[in-house]
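A.B. asks: After the sequence you'll find the predicted model.
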Amino acid sequence: MTKKMTKTPNVLFSGILILCIALGITGCNDDLLTTVPQDRVSSATFWSNERDFNTALNGAYERMVGVDLNPMYFDGTTDIGYSHADWMRQHEYVMGRANALSGWSAGIWSRSFTGISRANEILAQLDEVGGDVLSGEAADRIRGEALFLRGYFYHELLWMFGEVPLFTSVPTVEEARSVSRSSREEVYDRITSDLTEAANLLRPRSGLASSEYGRATSGAAMAYHARTALYEAGWQEHHEGNASRASTLYGTARDMAEAIMNSGEYELHPDFRQLFTYAGEQSQEIIFDYQKVAGQNGWWAWLGFAPKSMGSNVDVEPTRELVDRFPMEDGQPIDESPMYDPTPPEITYDGDGNPNVQTMGMYADRDPRFYGTVLFPGQEFNGVTYNSYPPCSGEGSPAPNGYCSQSIDRILISDYNNTYTGYVAMKYVDPQDESSPSNSGLNIIKMRYADVLLMYAEAKAELGELDQSANDAIQEIRDRVNLPMPQDVTSMNQQEAIDFIRNERVIELAWEGLHLADIRRWKTAEDVLNGNVHGIDISDGNGGFDPVPGQHTRSFEAPRDYLWPIPSGERDLNPNLSQNPGY
């Protein structure tokens, strides 16, 4: 298979084209947009056909991704990922030092509100001129996409910042500098209202041509409705103590997920690992993804996350805390399964320096999803046996034979451009990108069908509805990888079912940027984000083995860190924006 180099122009766009949708910007030539005059795009001439509206939509979609929003960095701020480099924007959040001047959350705030503003401008122009230049079908589709985008961005803002200003039109400067934050309930109502209308206007996935993949569908709108309801239910239950409100929201999440399950539009991809490679693109499991193309808007999937020996910086890596969550292939947790071997892998070298894996130890016979999520010492990848043990000789104390590495993948505390846990991620790491490590065309999955099944099961468990349908949803996910259930969900008590489904969510969705929102809404971040994370077992020098600790001691202050600060620059411009507690 050859790497794709082109995708639909309906969703992809250059940086110049994005700028062109901001009315009045100069420098947009007629090769990009047919306008008069040719040195600028004006509102009088831009909104004149469906292509113009699609271009504007593209500019709103573009705000979904970027250096601040790649999913791995979100997981790198949790217990399942580790971002060791102290120059990374996310590092101060891991260390509990984030404040209103911090750049990561401020960048996310800015990108999200820019996306909202662009969506609002599209909606305004639809009302102003849409009836004159668009067919009814096109107008409905464009309105649906704009409403989906506005709902999407507000969904992200709600779980990150809590109360935020609500804009349903492009504000004047005076309005932008005087608006106050709306309540969580008001923001939630706006999100779900937008997504409900969008679902009624948009086509299902089966109604899209392959050239249109990446555009919002009715299924995407319903799935984000389910996610928003589930997130807010957790917040109301665990942070506000509002059990009645939480129950209503769990019911909404259940019903929206069930509607998607009953639609027949989606199914699980047969190969878990393949789903996150080029071969898995356009799978029926993908409900919504952001379209990437090498050479146009490619990203650094390989450069940031592949093994160092293959040209990566390993910006973020998995942790032992994630690894130990994966069960054995008999379906049992590692502390209950007789199959588990707690010893580390043994890797020896022949006279020519070739590694030979003598035993896989603790990494043998695990849940097949483990091998599609985490690269560990002794696993083969891209034709190479990966070995991140400490050096056999040279810098530091040499590690013992069988538990040392002659590869530059070796773990070394002084090497910032390598893993500090000994693990490397496998999702979004496709060998086709090795020759162009900062220019991956892999689409970024934002929502997939497995998540819908997990949302359904979680909502059912939270409601105490431990029936066969809840069990079937989890079983469907495990059946993909031929992993038996250790126990039927219907035979568990409610807390056992909740804990089991939460763990299933962690291991199924690891490295997809969702875990930070989960531990916030579950109110477990304070339990898992204080202290060290850990990595592979290495020799203690006395014949034993201990997991290598992360370089930095993490800090999470509750309740402050459950929300991010409102950026100080925004509050300087608008004194009516109150700050979140603790900042």
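C.D. replies: Looks like it came in fine. Residues are numbered from 1 along each chain as shown.
A.B. asks: residue with max distance from the center of this structure?
C.D. replies: Gly351 (43.8 Å; C-alpha atoms, centre = their mean).
A.B. asks: what residue lies at the spatial centre of this protein?
C.D. replies: Gly513 (2.6 Å).
A.B. asks: Do you know the pLDDT at the closest residue to that residue other than its chain neighbours?
C.D. replies: Counting by C-beta to C-beta, 6 or more residues apart in numbering, Pro71 is the residue found nearest to Gly513 once chain neighbours are left out, at 2.7 Å. Using the backbone N, CA and C atoms, a C-beta is placed for each residue, glycine as well. With respect to pLDDT, Pro71 scores 89.
A.B. asks: for Met5, same thing?
C.D. replies: The predicted local confidence for Met5 is 39.
A.B. asks: so where's the protein uncertain?
C.D. replies: Within the chain, the stretches with pLDDT under 70 are 1-44, 68, 395-396.
A.B. asks: Give me the buried positions along whichever helix in the chain runs longest.
C.D. replies: Counting residues, the longest helix found in the chain (DSSP state H) is helix 136-161. For helix 136-161, a neighbour-count test (16 or more other C-beta atoms under 10 Å) marks 138-161 as buried.
A.B. asks: Same check on stretch 575-583?
C.D. replies: For stretch 575-583, by 16+ other C-beta under 10 Å, it's Leu577, Asn580, Tyr583.
A.B. asks: cool, and stretch 75-87?
C.D. replies: Asp75, Gly76, Thr77, Thr78, Asp79, Ile80, Gly81, Tyr82, Ser83, His84, Ala85.
A.B. asks: what's the answer for stretch 183-192, then?
C.D. replies: Quick answer for stretch 183-192 (16+ other C-beta under 10 Å): Arg184, Val187, Tyr188, Arg190, Ile191, Thr192.
A.B. asks: Out of those residues, which comes closest to Leu126?
C.D. replies: For the buried residues of stretch 183-192, the residue nearest Leu126 by C-beta to C-beta is Arg190; the value is 18.0 Å.
A.B. asks: what about the residue nearest to the centre of the chain, which helix or strand?
C.D. replies: Using DSSP states H and E, Gly513 falls within no helix or strand.
A.B. asks: Provide a list of residues in contact with it.
C.D. replies: Asn70, Pro71, Met72, Tyr73, Phe74, Asp75 (C-beta atoms under 8 Å, 6 or more residues apart in numbering).
A.B. asks: For the second one, give its distance to Ser438.
C.D. replies: Counting by C-beta to C-beta, to the nearest Å, the gap from Pro71 to Ser438 is 17 Å.
A.B. asks: So Ile444 sits against Phe288, correct?
C.D. replies: No - using C-beta atoms under 8 Å, Ile444 is not in contact with Phe288, being 10.1 Å away.
A.B. asks: need the contact list for Arg89.
C.D. replies: Arg89 neighbours (C-beta under 8 Å, 6+ apart): Val67, Asp68, Tyr73, Gly103, Trp104, Gly107.
A.B. asks: and if we set it to 7 Å?
C.D. replies: Gly103, Trp104 (C-beta atoms under 7 Å, 6 or more residues apart in numbering).
A.B. asks: same question, Thr252
C.D. replies: Counted by C-beta under 7 Å, 6+ apart, Thr252 has contacts Ala229.
A.B. asks: how near is it to Leu454?
C.D. replies: Applying C-beta to C-beta to Thr252 and Leu454 gives a distance of 16 Å.
A.B. asks: Ala216 too?
C.D. replies: 21 Å.
A.B. asks: and the two? which has more neighbours close in?
C.D. replies: Taking other C-beta atoms under 10 Å, Ala216 and Leu454 do not tie; Ala216 has more neighbours (28 against 23).
A.B. asks: For the more buried one, which non-adjacent residue is spatially closest?
C.D. replies: Nearest non-adjacent residue to Ala216 (C-beta to C-beta, 6+ apart): Phe148, at 4.0 Å.
A.B. asks: ditto for Gly96
C.D. replies: Using C-beta to C-beta, 6+ apart, the closest residue to Gly96 is Ser555 (3.1 Å).
A.B. asks: what's the distance between that neighbour and Arg320?
C.D. replies: Distance from Ser555 to Arg320, by C-beta to C-beta: 19 Å.
A.B. asks: Out of the buried residues of stretch 575-583, which is nearest to Tyr231?
C.D. replies: Using C-beta to C-beta, the buried residues of stretch 575-583 come closest to Tyr231 at Asn580, 16.9 Å.
A.B. asks: Can you tell me the SS state at Ile538?
C.D. replies: Recorded secondary structure, Ile538: strand (DSSP: H, G, I helix; E, B strand; the rest coil).
A.B. asks: Over to Asn401?
C.D. replies: Three-state assignment for Asn401 (three-state DSSP): coil.
A.B. asks: Of the buried residues of stretch 75-87, which belong to strands?
C.D. replies: Among these, the members found in strands (DSSP state E) are Gly81, Tyr82.
A.B. asks: Take the buried residues of stretch 75-87 and lay them out in a markdown table including distance to Ser206.
C.D. replies: As requested, the buried residues of stretch 75-87 are arranged in a markdown table below (distance: C-beta to C-beta, whole Å):
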| residue | distance to Ser206 |
| --- | --- |
| Asp75 | 32 |
| Gly76 | 36 |
| Thr77 | 37 |
| Thr78 | 35 |
| Asp79 | 39 |
| Ile80 | 34 |
| Gly81 | 35 |
| Tyr82 | 41 |
| Ser83 | 39 |
| His84 | 44 |
| Ala85 | 44 |
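A.B. asks: All the strands of the stretch 251-400 of the chain, in order from the start?
C.D. replies: 286-290, 317-318, 346-349, 355-359, 374-375, 380-381, 384-385 (DSSP state E, counting those that start in this stretch).
A.B. asks: Following the last one in sequence, what is the next regular element?
C.D. replies: From strand 384-385 onward toward the C-terminus, using DSSP H and E, the following helix or strand is strand 424-425.
A.B. asks: ok, that following strand: who's next to it in the sheet?
C.D. replies: strand 374-375 (antiparallel) (DSSP bridges).
A.B. asks: what's the strand it pairs with in contact with?
C.D. replies: Contacts for strand 374-375 (C-beta under 7 Å, 6+ apart): Pro307, Pro318, Leu322, Val323, Phe381, Tyr386, Tyr423, Val424, Met426.
A.B. asks: Same question for stretch 405-415.
C.D. replies: So stretch 405-415 is contacted by 307-309, 349, 353, 386-392, 395-396, 418-420, 422, 548, 551 (C-beta under 7 Å, 6+ apart).
A.B. asks: Mind giving me the PyMOL select for the residues you listed, buried ones only?
C.D. replies: Buried residues within the contacts of stretch 405-415, by 16+ other C-beta under 10 Å, are selected in PyMOL with:
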select buried, resi 307+308+309+349+386+387+388+389+390+391+392+418+419+420+422+548
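A.B. asks: quick one, what contacts Gly298?
C.D. replies: Lys292, Asn439, Ser440, Gly441.
A.B. asks: got it, and Arg320?
C.D. replies: Arg320 sits in contact with Thr421, His534, Gly535, Pro547, where contact means C-beta under 7 Å, 6+ apart.
A.B. asks: Not counting sequence-adjacent ones, nearest residue to it?
C.D. replies: His534 (4.0 Å).
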